[in-house]
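# let me see the structure of the following:
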Amino acid sequence: MTVANISSQGQTTIPKDVRDWLWLESGGRVEFIVQGDTTAVMVPSSGV
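Now for the predicted structure:
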């Protein structure tokens, strides 16, 4: 499991191993899908 910290401004850095796995590049976009009360999934976004 990979863990990232959240800054006081609510920002986080996606760890390199996750960026590589999802083929994310600088300027890319992600979506957060909330499932239930305690689970969220991050997926690459097409930007549409």
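# excluding its backbone neighbours, what's nearest the most centrally placed residue in the chain?
Computing the C-alpha centroid of the chain and ranking residues by Cα atoms, centre = their mean puts residue 42 first, at 4.7 Å. Counting by Cβ to Cβ, 6 or more residues apart in numbering, residue 30 is the residue found nearest to residue 42 once chain neighbours are left out, at 5.1 Å. (Each C-beta comes from the backbone N, C-alpha and C, glycine too.)
# remind me what whatever helix or strand the residue nearest to the centre of the chain lives in packs against, helices and strands.
Per DSSP states H and E, residue 42 falls inside strand 39-44. With contacts defined as 3 or more Cβ pairs under 8 Å, 6 or more residues apart in numbering; DSSP states H and E, the packing partners of strand 39-44 are strand 30-35.
# point out where the chain drops to low pLDDT.
47-48 (pLDDT under 70).
# 50 - rerun?
The model of the chain has no residue with pLDDT under 50.
# sorry, back to before: any idea how far residue 8 is from the residue nearest to the centre of the chain?
Counting by Cβ to Cβ, to the nearest Å, the gap from residue 42 to residue 8 is 21 Å.
# go on, residue 25?
Applying Cβ to Cβ, the value for residue 25 to residue 8 is 27 Å.
# neighbour count: those two, which is higher?
Neighbours were counted for residue 25 and for residue 8 using other Cβ atoms under 10 Å; residue 25 has more, 8 against 5.
# please, which helix or strand holds the more buried one?
Under DSSP H and E, no helix or strand contains residue 25.
# list the contacts for it?
Going by Cβ atoms under 8 Å, 6 or more residues apart in numbering, residue 25 touches residue 19.
# ok so residue 20 is a helix residue?
Yes. With DSSP: H, G, I helix; E, B strand; the rest coil as the criterion, residue 20 is assigned to a helix.
# OK, contacts around it?
So residue 20 contacts nothing (Cβ under 8 Å, 6+ apart).
# same thing with residue 28?
44-45.
# the same query, at a cut-off of 7 Å, please.
residue 44 (Cβ atoms under 7 Å, 6 or more residues apart in numbering).
# could you do the one 5 residues further on as well?
Neighbour list for residue 33: 40-41, 43 [criterion: Cβ under 7 Å, 6+ apart].
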